[in-house]
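Q: return a 3D structure for these sequence lines:
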Amino acid sequence: MQAIILAAGTGTRLKPLTAKIPKCMLRIGRMTILERQISILNEYHVNPIKVVIGKEGTCWDKTIIEQIREIHNDLVINDDNLNTGPAYSCKLAMNSMEHEHTLIIDGDVVFEPTVIFELSGKDYASCYLELAEQIPIVSKRFLDDDSDFKIIKGFTEQIAKWVELCKAFNK
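A: Numbering: from 1, shown residues only. Got it, this is the predicted structure:
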């Protein structure tokens with residue numbers, strides 16, 4: 001499995017916290033969100049990992065880009081991040097990757113390592129990890145294999161619908 005971390009946004013909804021840093025560089029305890037994501041992905045041997053970052057906006061400067069490069073040096077820079085969205089960032093990363101199982105993660109998602117463990121045994125084309133509702137429930141529940149997959153441990157995390165590769169491209 002390979003992964004793409006989409007972190008090219010400008011963090012406008014979290015200002016002033018993200019006035020000078022992107023959301024992926026916010027600290028949760030001792031680590032930034034990005035450090036935590038990379039650490040978990042490395043623990044489960046997800047490789048390669050591409051991190052898509054921005055270039056334009058107040059939170060993107062040379063210092064921040066170098067700090068991110070110190071965390072993970074396999075970067076894709078979206079030079080037009082103010083005018084494009086996550087789909088374009090994803091396309092930029094996919095252009096330099098093999099077409100195999102891909103985990104696409106928003107750069108501001110804090111997730112439990114068990115999410116990657118559960119995904120590692122699945123044989124699907126790709127999935128997208130995003131923060132869903134934040135409902136405090138302390139249990140673990142799986143919906144059916146064709147729909148949302150939820151790991152619930154204090155907060156609800158969601159992975160969008162599983163789609164087999166042939167179905168994704170109508171083949």
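Q: distance of Q2 from W60?
A: Distance, Q2 to W60, by C-beta to C-beta, to the nearest Å: 25 Å. For glycine as for every other residue, the C-beta is placed from the backbone atoms N, C-alpha and C.
Q: look at these two and report which has more neighbours.
A: W60 (24 against 20; other C-beta atoms under 10 Å).
Q: just give the nearest non-adjacent residue to that one, would you?
A: In space, not counting the residues next to it along the chain, W60 is nearest to G54; the distance is 4.8 Å by C-beta to C-beta, 6 or more residues apart in numbering.
Q: and if you look at Y44?
A: I116 (4.5 Å).
Q: repeat that for I77.
A: K55 (5.4 Å).
Q: any idea where the helices of this structure begin and end?
A: Counting by DSSP state H, the chain has helices at residues 33-43, 62-71, 86-94, 113-120, 165-168.
Q: T18 versus the residue nearest to W60, what's the distance?
A: Separation of G54 from T18 (C-beta to C-beta): 12 Å.
Q: what's the overlap in contacts for the two?
A: Overlap of the contact sets of G54 and T18 (by C-beta atoms under 8 Å, 6 or more residues apart in numbering) consists of T10.
Q: quick one: residues contacting I64.
A: Shown in contact with I64 (C-beta under 8 Å, 6+ apart): K20, I21, P22, M25.
Q: count of neighbours near the last one?
A: For M25, the number of neighbouring residues by other C-beta under 10 Å comes to 22.
Q: just the second one next, same as before
A: I21 sits with 21 neighbouring residues when counted by other C-beta under 10 Å.
Q: that one and M31, how far apart?
A: Counting by C-beta to C-beta, the gap from I21 to M31 is 14 Å.
Q: bridging residues for L75?
A: V51 (DSSP bridges).
Q: hey, which helix or strand in the protein has the poorest pLDDT?
A: strand 141-142 (a mean of 34; mean pLDDT, DSSP states H and E).
Q: how about stretch 64-77: buried residues?
A: By neighbour count with 16 or more other C-beta atoms under 10 Å, stretch 64-77 contains the buried residues I64, I65, I68, I71, H72, L75, V76, I77.
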